[in-house]
Structure formats: structure tokens, C-alpha cells
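The amino acid sequence is not available; the structure is as follows:
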């Protein structure tokens, strides 16, 4: 799978998980960290921290 905005491929499980958690659980188009950060106006580090928090809370999108 590649980023729907910039075309970066392949996307990591964290990138697809964040797209599905933050945008739409059923998303078929996903975004890379850089594009997600730009879209939500946060840093990539903040997104990674969010992913870790989701994983720690047991979210199945982040194994």
C-alpha cells in the first residue's frame, strides 16, 4: 500500500493503523506519517506517541 497523498510506499503498520484510527476505521486509502502530521498539524513524533498510547490501551490496529 502507498500513501494516498505523496505516494510513499510501502506504508508501515503504524501508518495504516493511525490512518484508520484518526480518519476512518474502514479506510482503504492510507497516509504516511509525514502526510498525517501535515494533515493534523502535529509532529511525526506526536503521532508515534499517539500510536504507542493506542497500542498500550489495547487497540487492535496497533499490534
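That came through, no problem. Owing to the predicted nature of the structure, the values given are computational and were not obtained by experimental measurement.

Now do the contacts for residue 33.
14-15, 18, 44, 47-48 (CB atoms under 8 Å, 6 or more residues apart in numbering). C-betas here are computed from N, CA, C, even on glycine.

Kindly report the same for residue 2.
Contacts for residue 2 were tallied using CB under 8 Å, 6+ apart; they are 8-11.

Touching the helix of greatest length in the chain from outside, list them.
Using DSSP state H, we find that the single longest helix of the chain is helix 44-56. Where contact means CB under 8 Å, 6+ apart, the residues beyond helix 44-56 that reach it are 14, 17-18, 21, 33-34, 36-37, 40, 61-63.

Sticking with the most centrally placed residue in the chain, tell me its helix or strand.
Nearest residue to the geometric centre of the chain (CA atoms, centre = their mean): residue 18, 2.6 Å. Counting by DSSP states H and E, the element that carries residue 18 is helix 13-22.

The helix or strand following that helix - what's its average pLDDT?
Going down the chain from helix 13-22, the next helix or strand is helix 33-40, by DSSP H and E. Averaged over helix 33-40, pLDDT sits at 97.

now swap in stretch 48-63 and tell me
Stretch 48-63 carries an average pLDDT of 95.

Give the buried residues for it.
For stretch 48-63, a neighbour-count test (16 or more other CB atoms under 10 Å) marks 50-51, 54, 61-62 as buried.

can you tell me which of those lies nearest to residue 26?
Lowest distance from residue 26 to the buried residues of stretch 48-63 (CB to CB) belongs to residue 61, with 11.7 Å.

and that closest one, that one's in a strand?
No: counting by DSSP: H, G, I helix; E, B strand; the rest coil, residue 61 falls outside a strand, being coil.

doesn't residue 21 make contact with it?
Yes: using CB atoms under 8 Å, residue 61 makes contact with residue 21 at a distance of 5.5 Å.
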